[in-house]
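In: predicted model and sequence follow; I will ask about them next.
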Amino acid sequence: MKWQKRISIWIVVSLSLQCLVLFYLDHYFLSTDSKVVTEKIDPDESGKVKKIDITVPANVENILVSYDAKYLSYYENQKLKIVNCKDGSIKDIAVDDGSSISFQKWLPDRNRMLLVEKKSYDDSSNLILYYYDVSKGKKVKIKDLAWANTKSNVEDIQLSTLTGVIYVKVSSQGESSSIYRIDRMGSMTKVDTIPNFVSNTSLLRHEDKLIYEGLIYNKIYATGREDDITVKDTEKLTLVGSDDNDNVYLGELKDKLISKIYYGKTEDDTADWKVIDLKQPAEKKDLFVSEAGKVYENDSLKGVVKEIISGTQTSYKGKLLQLYTRGVVTLVNNKISFVPFK
Amino acid sequence: MRRLKKRGKKKKRTSTLVALFIIFELVFTAVTGPFVLYYGPFKNVKTTVVGAAMTTLTLQWLATTFLSDDKIKQIMKEQSVETIAQDNLDDKTSGVNVENKDDDSIERYDIKGKKYKGYVLVINDPTRMKVGYSSKLGKEGELTSEIAKANHATAAINGGAFTDKAAGALWAGTGANPTGIIMTGGKTIFNDIKNEKEKSEVVALTKAGKLLVGVHTIKEMKKAGVTEAVSFGPAMIVNGKKMIKKGDGGMGIAPRTAIAQRQDGAIILLVIDGRQANSIGATLREVQDILYDEYGAYNATNLDGGSSSTLFYNDEVINNPSDSLGERAIPSIIYVGK
């Protein structure tokens, strides 16, 4: 074939492809589409159901309750299920072939979950973030998080429904952790942390500021700030949590136990922060900071959750699963029970 | 032996040819693409690209490299929304007569276009419409559904304008700080419009139940007997006339919230979902046309769209807000009282 002829054909191919794409965009995608199909919706008159006892199978793991305790989720045979606590109905969350749900978290003020699906290949895996809207029964992909080796997992998700920002911490055994920030427009950036290994994290509610703890030296940092947050006369600090008013709660660590909690706002001098003294040093896993800024301590031997400042005690039977806005959730002989705070 | 060599050569030639073809196509398309786009017959694509480029700070060169300033100005002008003054609201020439006072019914419709899904509520008695606001105004916004529940509302849509910034991070606002005006029950809750004679875009309702859209001064609003107001725009239908006749309204495709009034006084609330696989959103032009052609709107205005777009009805949010975390916090709503 002659070169002239060949080039002419190539030019025609390019131009017709361009025109085809632009024609599609022009006439379909960007054309004004004001023709709509209208459907009248009549009100739904179905009655309300009474609250019933929720019993879970014996082999379930990782029971989590939504903020208002209207729904709970658990794993059964590696499948995620969601139970409606009003009528006891159970829903399976479908996953793609070759994938499994590796992390889930209920949102703090609405019946919606963030899920991480892990798709595994021979020597790598892909982590994908989804949301699940319980009221509409809809699972929607948010973002491909990262390609990683098979051992990588999402360890923690922090989010604020006020600022619309999500922080996802991905860690792999023996390797440094990666933290990704996703904003409400869906754009994702990797966060530069000061130490490479990060343990606890907590996100402020009103401000786009992530508080994080270095894994090795137990120092506390905040995004957008170069020096670490220090408290005078303390050597090691651990991040206990933060509340809805952007107060940060730091525990003074001695022999892996916390005896004092300092709390206040990051922009204030920590010398002005308030202090809570614990009568008995406690483990971090037994301390909880509520949205309202109350600090609770769990005594699993006695079966008591104590609000530290007022000393109010809430007794429970069985195993403590978690705290929610109005009380504690426990598991007694496979039965879920909700005990309101005293 | 000789044959084999020849075949190898031929194979080699074909692969070079394929590589050459790909390189040629890429280079040729990259060079000619902008000219086909800007000087070809594809008007919608051209105006969308120019509009999108010119509304950014850093990507204006995408348009200015290939088009003259005059040409760009002309394209941008074609996209603009017309403005005319709304007829006097005091007398009968306003064109709206509230006919269905004390009619407490609401009709709900779901609508479906080629690239979007939407939800419509028709409220027959316009005097039921009220403005609600976040109980923590200035500190944080609240969800449309939260404000609606606090006011015992039957239905609600998100309302007026606010600044969407938090400590320098764009899009990370908490919906705490409104802009313009918020008025409810005749009381001014928030107002940063200092001059009473300054014209600004408002969405307001008078005591008699008439909807004000487009630019009005605070003085005019007082005179017309406005009791409920938030700030937003542009007005899309005024005095029964469409304001967008050319172009798409210049705001692109996104989730939308709008409020309109028919001549018999009935209020139409419209929310269109966007930024989702099965509903990418709508242009202002499309919103205008739906309200005019399908629902007979006489006056209509756009409200805050995007992540804010929310429609609450009978104790639940019936649309699907675009944020992955769900409904976002905002400073003000427009709701239907009991």
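Out: Nice, thanks for sending it over.
In: give me the neighbour count for the closest residue to B:V317 other than its chain neighbours.
Out: Using CB to CB, 6 or more residues apart in numbering or on different chains and skipping residues adjacent in sequence, the residue nearest B:V317 is B:S145, 5.4 Å away. Heads up, the C-betas are built off the backbone N, CA and C, glycines and all. The local packing of B:S145 (other CB atoms under 10 Å in any protein chain shown) involves 22 other residues.
In: which helices and strands does the helix or strand hosting B:S145 pack with?
Out: Element membership for B:S145, per DSSP states H and E: helix B:144-150. Secondary-structure packing of helix B:144-150 (3 or more CB pairs under 8 Å, 6 or more residues apart in numbering or on different chains; DSSP states H and E): strand B:129-133, strand B:155-158, strand B:311-313, strand B:316-317, strand B:332-336.
In: 10 Å instead, please
Out: Packing partners of helix B:144-150 (3 or more CB pairs under 10 Å, 6 or more residues apart in numbering or on different chains; DSSP states H and E): strand B:129-133, strand B:142-143, strand B:155-158, strand B:311-313, strand B:316-317, strand B:329-330, strand B:332-336.
In: got any ranges where the stretch 51-200 of chain B has weak pLDDT?
Out: B:55-57, B:88-93, B:166-170 (pLDDT under 70).
In: ok, B:R256 touching B:G306?
Out: Yes. If you go by CB atoms under 10 Å, B:R256 and B:G306 touch, sitting 8.6 Å apart.
In: neighbour count: those two, which is higher?
Out: Under the criterion of other CB under 10 Å, the comparison of B:R256 against B:G306 puts B:R256 first, with 26 against 22.
In: looking at the sheet around that one, what are its partners?
Out: B:R256 forms beta bridges with B:I272, as assigned by DSSP bridges.
In: closest one to A:L20 among the helices and strands packed on helix B:144-150?
Out: strand B:311-313 (37.9 Å; CB to CB).
In: re the thing from before, need the helices and strands packed on helix B:144-150 in a markdown table with mean neighbour count, can you?
Out: Below are the helices and strands packed on helix B:144-150 laid out as a markdown table (neighbours: other CB atoms under 10 Å in any protein chain shown):
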| stretch | mean neighbour count |
| --- | --- |
| strand B:129-133 | 23 |
| strand B:142-143 | 26 |
| strand B:155-158 | 27 |
| strand B:311-313 | 27 |
| strand B:316-317 | 16 |
| strand B:329-330 | 28 |
| strand B:332-336 | 29 |
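In: make a markdown table from those strands and add distance to B:M221 to it.
Out: Listed next are the helices and strands packed on helix B:144-150 as a markdown table, based on distance: least, CB to CB, whole Å:
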| stretch | distance to B:M221 |
| --- | --- |
| strand B:129-133 | 13 |
| strand B:142-143 | 25 |
| strand B:155-158 | 20 |
| strand B:311-313 | 26 |
| strand B:316-317 | 30 |
| strand B:329-330 | 22 |
| strand B:332-336 | 16 |
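In: for A:T163, which of the ones you listed is the nearest?
Out: Here strand B:329-330 is closest among the helices and strands packed on helix B:144-150 (CB to CB), at 8.8 Å.
In: point out the other helices and strands that that closest one packs with.
Out: Packed next to strand B:329-330, using 3+ CB pairs under 10 Å, 6+ apart, are strand B:142-143, helix B:144-150.
In: one step back: common neighbours of B:R256 and B:G306, please.
Out: Common contact partners of B:R256 and B:G306 (CB atoms under 10 Å, 6 or more residues apart in numbering or on different chains): B:G274, B:G281.
In: and B:L20, how many neighbours?
Out: B:L20 - counted by other CB under 10 Å - has 12 other residues nearby.
In: interface residues of the stretch 101-250 of chain B facing chain A?
Out: With CB under 10 Å from any CB of the partner chain as the criterion, the stretch 101-250 of chain B meets chain A at residues B:106-121, B:139-143, B:145-146, B:164, B:166-176, B:244, B:247-249.
In: which parts of stretch A:114-127 are buried?
Out: A:L114, A:L115, A:V116, A:E117, A:K118, A:K119, A:S125, A:N126, A:L127 (16 or more other CB atoms under 10 Å in any protein chain shown).
In: average pLDDT for that stretch?
Out: The pLDDT scores in stretch A:114-127 average 88.
In: wait, does stretch A:93-104 contact chain B?
Out: No. Residues of stretch A:93-104 contacting chain B under CB under 10 Å from any CB: none, with a closest distance of 14.3 Å.
In: what's the first-to-last distance across that stretch?
Out: 11 Å (CA to CA, to the nearest Å).
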